[in-house]
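give me coordinates for this.
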Amino acid sequence: MRKSQARIFARDNGEKFYTPEKPCARGHNLRLVSTGCCIECKRLKEKERTAGNREAYNARKKRERFSKLHILAERARLARVKETPEAYALRLEKAKIKQRQWRVLNVGRQSVKDAKKAYKIANPGKVNAGTIKRRLSKLNRTPAWLTEDDHWIMKQAYELAALRKRIFGFDWHVDHIIPLQGGRVSGLHVPTNIQVIPWWENLSKANKHLPK
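I've put the predicted structure just below:
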């Protein structure tokens, strides 16, 4: 089979995509340099396979994301270190604009809060089990040697989160730097192991320990 000169040229120039001399059987005109596959055909095939078995697709994507979590976490940490206050404010404003645009374009779609609320109503047993597990984990990870001052400091952290919510207009969470239910390492419910961070940072961190 004759090799595509357009693909060779794109590969030599370090490009990821190329336009072949002839379109594919479906009339698409963009291919991957690495494999020579048609991008649109690959997308359609993946969509058909996803529709046939959504659970298997979600499980596969979860495995792929899990293998890259440490890379993504380190990349995000380095970006936060270098980020200036002005850049942080700009990124936050862009995120708010995207949220507003999404709401306008998806008026009939269920919001995340509504979806979570519906899930809690439909699955009270799972929700109660998770709540009890979390509560017991915090009790088991709270040392007996904590003083009244230690408990007061931790209480102040929750009050600080509520204060920041009133000031900034979005939720702040009291996060355990070393998670109480971590997969590899678990921390204690003590003043030195808690921090007040924006809700999205806490949700993206989940039960992972991201050393600084």
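
can we go C-alpha only for contacts and neighbour counts from here?
Fine.

just for the chain, where's the confidence low?
1-2, 110, 206, 209-212 (pLDDT under 70).

packing partners of the longest helix anywhere in the chain?
Ranked by number of residues, the top helix in the chain under DSSP state H is helix 54-82. Using 3 or more C-alpha pairs under 8 Å, 6 or more residues apart in numbering; DSSP states H and E, the elements in contact with helix 54-82 are helix 39-52.

which elements pack onto the helix it packs on?
Where contact means 3+ C-alpha pairs under 8 Å, 6+ apart, helix 39-52 is packed against helix 54-82.

what's the spacing between the longest helix of the chain and its chain's center?
The chain centre lies 8 Å from the centre of helix 54-82; the measure is C-alpha atoms, centre = their mean, to the nearest Å.

mind listing what's buried in that helix?
57, 73 (16 or more other C-alpha atoms under 10 Å).

ok, now stretch 31-43?
By neighbour count with 16+ other C-alpha under 10 Å, stretch 31-43 contains the buried residues 31-33, 38, 40-41.

which of those sit farthest apart?
Spatially, the most separated pair among these is 33 and 41, at 14.7 Å (C-alpha to C-alpha).

redo the buried residues of stretch 31-43 as TSV? Include distance to residue 21.
Output for these, formatted as TSV (distance: C-alpha to C-alpha, whole Å):
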residue	distance to residue 21
31	11
32	14
33	13
38	13
40	16
41	17
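
which one of those residues is nearest to residue 200?
Checking those against residue 200 with C-alpha to C-alpha, the nearest one is residue 40 at 32.8 Å.

my guess is the closest one meets residue 27, correct?
No: with contact defined as C-alpha atoms under 8 Å, residue 40 does not reach residue 27; the gap is 9.7 Å.

what segments of this protein are strands?
Along the chain, the segments classed as strands by DSSP state E run 17-18, 31-32, 172-176, 194-198.

which residues are contacting the third one?
Pointing back at strand 172-176 there. Here strand 172-176 makes contact (C-alpha atoms under 8 Å, 6 or more residues apart in numbering) with 157-158, 161-162, 164-165, 187, 189, 193-199, 202.

that one: how far from the chain's middle?
Distance of strand 172-176 from the chain centroid (C-alpha atoms, centre = their mean) equals 16 Å.

what pairs with it, parallel or antiparallel?
The strands that strand 172-176 pairs with in its sheet are strand 194-198 (antiparallel) (by DSSP bridges).

and the protein, what are its domains?
1-82, 123-204 (automatic domain parsing).
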